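A.B. asks: Structure for the following, please:
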Amino acid sequence: MSQDSFSTLVVRYVIGFASALLLSVASYLLVTAHIFTSAHATMIVVLIFAAVQLAVQLVCFLHLRITGHSRDRSVTFGFTILMMLVIVIGSLWIMQNLDYRMGMSGEAMNEYMKEQNKKGF
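C.D. replies: Predicted structure coming up:
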């Protein structure tokens, strides 16, 4: 590997890392600072940040070029989208199921946990 290609690779990794870090911090601050009054607007902006971060990681770390069409790139991108859908839909399904099965308010949950702690669990 030549010095030019190595330095180009390092620059690409540094830009990718900085971009991913910036997008993560921006999403965190957006949610914690309550910049938008609507939870719906906040969710849309966070999802846009997530899509941009996915694109940054595909280009900078997985070296998928935007130009040109290749079957391998299409399969990789399709698999990435499929795995994202499985993780997101599965997580929402599990959280909804837990919410349904718990059926307690926050105060009732705290009382239940205090009772369980007295039993020595």
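A.B. asks: and the residue nearest the centre of the chain, which of the three is it?
C.D. replies: Computing the C-alpha centroid of the chain and ranking residues by Cα atoms, centre = their mean puts residue 50 first, at 5.8 Å. At residue 50 the chain is in helix, as set by DSSP: H, G, I helix; E, B strand; the rest coil.
A.B. asks: now swap in residue 62 and tell me
C.D. replies: With three-state DSSP as the criterion, residue 62 reads coil.
A.B. asks: In contact with it, which residues?
C.D. replies: residue 76 (Cβ atoms under 8 Å, 6 or more residues apart in numbering). From N, CA and C alone the C-beta is placed, and that goes for glycine too.
A.B. asks: Apply 10 Å and report the result again.
C.D. replies: 16, 73, 76, 77, 80 (Cβ atoms under 10 Å, 6 or more residues apart in numbering).
A.B. asks: try residue 60
C.D. replies: So residue 60 contacts 11, 12, 13, 14, 15, 16, 17, 18, 19, 20 (Cβ under 10 Å, 6+ apart).
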